[in-house]
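>>> Would you be able to build a 3D model of this:
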Amino acid sequence: MSADVTPVTPVVVRLKLSLLKNGLKQSGGRRAAYIGSAVAVLLFSVLQLIGLIALRGHAHAGSVVVLLVAVLAAGWAVMPLFFPSGDETLDPTRLVMLPLRPRPLVRALLMASLVGIGPLFTLCMLTGSVIAVAHGGVAYVVGVIGAVLGLLVCVALARTVAAANIRLLTSRKGRDLAVLSGLVIAVGAQVVNFGAQRLGSRGLGQLDGPAEVLKWVPPGSAIGAADSASEGSYGVAFLQLALSALALVVLLGVWSRHLTQLMTSPDGSTLQAADSRSRERNSTGLSRLLPAGRTGTVMERSLRYVWRDPKTKAAWVTSLAIGLIVPVFNALQGTGSIYFACFAAGMLGVQMYNQFGQDTSAFWMVAMTISSTRDAYVELRARALALLVITLPYATLVTVLTTAMLDDWPKLPEVLGLSFALLGAMLATGAWTSARFPYSIPQEGYKNVAPGQSGLAFMAILGGMVSAALLCAPVIAGTIWLNVSEGGERWSWLLLPVGTVYGVLITVAGLRLAAPRTARRLPEILALVSKG
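Got it, this is the predicted structure:
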């Protein structure tokens, strides 16, 4: 029968329930994880609901709930990008062989999207928000309509984003995004922590400004309508509801258009040949910027690992983000020190550790090209240079940014010198530990160490970091001495050239010490990095 005769919505909703049920049957661990997460979300929802109800009557309750709804909408928007496997019905291309029209399919998928823990949590937040701001019968009626509209806008937003990016989400880049989801959560936690501290020190009144804008932005306008109705501004409330309804219609229209394109256009697998020439041009352009010979080849390979390999990319992005978050957020909170800028060099220097682990079993091709200590030295030196291409300007940027935020420009040269010395020490110890304590990085899953090699990874990273700190002791001692001695501030600028030269010398020394060990231990290194 055609899709116009057979009701599609009940079938898709039952499909969603069957997917959930069958997914829980796959393993006891998955079932326990789902039940545990469901219980945790429900408890959190109840606590948030109680908190919002307790906010009723507060002078700034309207601002709080509008911002809360805006955060919920942002979460729904990014959820498909970082958790594409969380809902198997997010990929409408699985239904491409069925005789379905876009409009009935949109209705069916929208209703199926309301099944799950996420929609229940969102509904609890919207319900609590309405109770917090609604006063009077009309306000409650407007609030109920607003809560329904807000939930539908959030769900439609997630579906529209997923449909617009489904080619990305089902590709290797989509898996890369999933690997980076932990970083997004970590950064979000830092932002929430910073915001909570600011609110605790300055009060909820500072939310009024952003809330005045967001109460006109769907889905915040849906909840803002209940607040407006409580104040007797029924015309404003109607306009805010109309904005949310209009946003829902627009999202459904965009979603329907993307569904039509997905159902009628070829997928990305048939278009790979068309992109081959552009990839070759990019490769040629990158090669032109790098040194000739083995050094340039190894640098290009290492930089491509950073861009293409999911685990390597996740490690780099995490280091880049945390290296910036720690000094900048501490500076924003007024508790920072300019020396926190060295954290960026330390986080990025860690990427030099376990250089051969990212090659996994393909390290045998590298090992075949190393026949002498000189070859091993050039290999390690090129990997260090590739790391410096990213690390050196980034560490400088973080240091300058932290200095500007703290307005402590006289200390900029010494902090830069200390950062460069620390970076050089970590490159040196990273080269040595890469040869002495290599370990395998599994290509599948979220683990970064192969089973049975956790001890190797611990010794490599912890031992290397302690050794790097000890190697930096002369520059650290010079920094302390210039800061405590009388008149030492006049000569603190010397720490920049001294730290730079020291970092270069210690890096070269570390590479030369690691090269003979690398050349001698090629079979052992290959065996250790191939276990993942």
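
>>> Any buried residues in stretch 521-530, and which?
Of all the residues in stretch 521-530, those buried under the rule 16 or more other CB atoms under 10 Å are 521, 522, 525, 526, 528, 529, 530. C-betas here are computed from N, CA, C, even on glycine.

>>> Just the pLDDT for the last one.
When you say that, I think you mean residue 530. Residue 530 is assigned a predicted lDDT (pLDDT) of 86.

>>> phi, psi of it?
phi -100, psi 0 (degrees, to the nearest 10).

>>> Distance check, it against residue 435.
Noted for residue 530: a distance of 16 Å to residue 435, by CB to CB, to the nearest Å.

>>> next one: residue 304
Applying CB to CB, the value for residue 304 to residue 435 is 22 Å.

>>> Tell me which of those two has more neighbours.
Counted by other CB atoms under 10 Å, residue 304 and residue 435 do not tie: residue 435 has more neighbours, with 23 against 14.

>>> Next step: the buried residues of stretch 521-530 restricted to helices.
Per DSSP state H, helices hold the following members of those: 522, 525, 526, 528, 529.

>>> any idea which of these is closest to residue 157?
Closest to residue 157 out of these is residue 529 (43.1 Å), distances taken as CB to CB.

>>> close enough to count as contact, the closest one and residue 357?
Yes: counting by CB atoms under 8 Å, residue 529 touches residue 357, with 5.0 Å between them.

>>> residues shared between the contacts of the two?
Counting by CB atoms under 8 Å, 6 or more residues apart in numbering, the residues touching both residue 529 and residue 357 are 438, 439, 440, 441.

>>> List just the nearest of the residues you listed to residue 38.
Distance to residue 38 across the shared contacts of residue 529 and residue 357 (CB to CB) is lowest for residue 441, with 32.3 Å.

>>> Give me the distance between the closest residue to the closest one other than its chain neighbours and residue 316.
Setting aside the residues directly before and after it, residue 441 is nearest to residue 357 in space (CB to CB, 6 or more residues apart in numbering), at 4.9 Å. As judged by CB to CB, residue 357 and residue 316 stand 14 Å apart.

>>> With residue 347 instead?
10 Å.

>>> neighbour count winner among those two?
The residue with more neighbours, out of residue 347 and residue 316, is residue 347; 24 against 20, by other CB under 10 Å.

>>> Isn't the more buried one up against residue 324?
No: contact between residue 347 and residue 324 fails when scored by CB under 8 Å: they sit 9.1 Å apart.

>>> how about the helices in the stretch 201-350 of the chain?
Applying DSSP state H, counting those that start in this stretch to the stretch 201-350 of the chain gives helices spanning 208-214, 220-230, 234-264, 276-288, 293-308, 310-332, 342-349.

>>> JSON lines for these, including distance to residue 394?
Below are the helices of the stretch 201-350 of the chain laid out as JSON lines (distance: least, CB to CB, whole Å):
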{"stretch": "helix 208-214", "distance to residue 394": "31"}
{"stretch": "helix 220-230", "distance to residue 394": "36"}
{"stretch": "helix 234-264", "distance to residue 394": "36"}
{"stretch": "helix 276-288", "distance to residue 394": "19"}
{"stretch": "helix 293-308", "distance to residue 394": "12"}
{"stretch": "helix 310-332", "distance to residue 394": "7"}
{"stretch": "helix 342-349", "distance to residue 394": "6"}
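
>>> Nearest to residue 75, out of those helices?
With CB to CB as the measure, helix 220-230 is the member of the helices of the stretch 201-350 of the chain nearest residue 75 (13.4 Å).

>>> so what does the closest one touch, helix or strand wise?
helix 61-82, helix 117-133, helix 137-164, helix 208-214, helix 234-264 (3 or more CB pairs under 8 Å, 6 or more residues apart in numbering; DSSP states H and E).

>>> Which one of these lies nearest to residue 483?
With CB to CB as the measure, helix 208-214 is the member of the helices and strands packed on helix 220-230 nearest residue 483 (40.8 Å).

>>> same for the closest one, what does it pack against?
Packed against helix 208-214 by the contact rule (3+ CB pairs under 8 Å, 6+ apart) you find helix 61-82, helix 220-230.

>>> mean pLDDT lowest for which of the ones you listed?
helix 61-82 (a mean of 84).

>>> Between helix 234-264 and it, find me the angle.
The directions of helix 61-82 and helix 234-264 differ by 0 degrees, with axes from the mean of the first three to the mean of the last three CA atoms, to 10 degrees as the criterion.

>>> buried stuff in helix 61-82?
61-73, 76, 79-82.

>>> Which one, of the helices and strands packed on helix 220-230, ends up nearest to residue 423?
Nearest to residue 423 among the helices and strands packed on helix 220-230 is helix 61-82 (30.6 Å), distances taken as CB to CB.

>>> Put the alpha carbons of that closest one into CSV.
Extracted as CSV, the C-alpha positions of helix 61-82 are listed here (Å, rounded to 0.1, in the frame of the first residue of the first chain):
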residue,chain,number,x,y,z
ALA,A,61,13.0,33.8,37.8
GLY,A,62,12.0,34.9,34.3
SER,A,63,15.6,35.5,33.3
VAL,A,64,16.8,32.2,34.7
VAL,A,65,14.2,30.1,32.9
VAL,A,66,14.7,31.9,29.5
LEU,A,67,18.4,31.2,29.7
LEU,A,68,17.8,27.6,30.7
VAL,A,69,15.6,27.0,27.7
ALA,A,70,18.2,28.6,25.5
VAL,A,71,20.9,26.2,26.9
LEU,A,72,18.5,23.3,26.3
ALA,A,73,18.0,24.3,22.7
ALA,A,74,21.8,24.6,22.2
GLY,A,75,22.2,21.1,23.6
TRP,A,76,19.6,19.7,21.2
ALA,A,77,21.3,21.4,18.3
VAL,A,78,24.8,19.9,19.0
MET,A,79,23.6,16.5,20.2
PRO,A,80,23.3,14.9,16.8
LEU,A,81,26.8,16.2,15.8
PHE,A,82,28.6,14.6,18.8
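
>>> rewinding a little: in TSV, list the ones in helices among the buried residues of stretch 521-530 along with distance to residue 40.
Output for those, formatted as TSV (distance: CB to CB, whole Å):
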residue	distance to residue 40
522	48
525	43
526	43
528	38
529	37
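
>>> Of these, which is the nearest to residue 25?
residue 529 (37.0 Å).

>>> Let me know the pLDDT of the closest residue to residue 481 other than its chain neighbours.
Using CB to CB, 6+ apart and skipping residues adjacent in sequence, the residue nearest residue 481 is residue 488, 6.7 Å away. Residue 488 carries a pLDDT value of 70.

>>> Show me what the host helix or strand of residue 40 is packed against.
Here residue 40 sits within helix 28-54, counting by DSSP states H and E. Here helix 28-54 touches helix 8-25, helix 117-133, going by 3+ CB pairs under 8 Å, 6+ apart.

>>> Below-threshold pLDDT in the stretch 401-532 of the chain: ranges please.
444-447, 532 (pLDDT under 70).

>>> And the residue nearest to residue 348 when sequence neighbours are not counted, which helix or strand is it part of?
In space, residue 348 comes closest to residue 391 once its chain neighbours are excluded; the distance is 4.2 Å by CB to CB, 6+ apart. In this assignment (DSSP H and E), residue 391 forms part of helix 373-406.
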